[in-house]
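Engineer: take this sequence and fold it.
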Amino acid sequence: LLSHPLFERHISFVPRKVWSTATQLMHVYNDWLSGDHAWELQSNILVGAMLLGVTLSSDKTNIS
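Structural biologist: Residues are numbered from 1 along each chain as shown. Here you go, the predicted model:
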């Protein structure tokens, strides 16, 4: 799914800064990787390494 050509341009694992104008007046936040925290974390890890966001969940439904 991640390598499918239809989704390739919509999936990114690289922290980025998105601005509303070329003069960088307003920072646009639309997901975790466009936030300042992801940018700071990426700058603190080794060159060539990357962040990987993981979503954890728990379901307490008993199946028995």
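Engineer: what ranges do the strands span in the protein?
Structural biologist: 18-19, 27-28 (DSSP state E).
Engineer: okay, those strands in TSV with mean neighbour count next?
Structural biologist: Yep, even glycine has a C-beta here, placed from its N, CA and C like the rest. As requested, the strands of the chain are exported to TSV (neighbours: other Cβ atoms under 10 Å):
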stretch	mean neighbour count
strand 18-19	12
strand 27-28	11
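Engineer: let me have those in a markdown table, extended by distance to G35 and mean pLDDT.
Structural biologist: What follows is these, written out as a markdown table (distance: least, Cβ to Cβ, whole Å; pLDDT from 0 to 100):
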| stretch | distance to G35 | mean pLDDT |
| --- | --- | --- |
| strand 18-19 | 10 | 84 |
| strand 27-28 | 9 | 86 |
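Engineer: how about the ones you listed, which one is nearest L52?
Structural biologist: Proximity to L52 (Cβ to Cβ) singles out strand 18-19 among the strands of the chain, at 20.3 Å.
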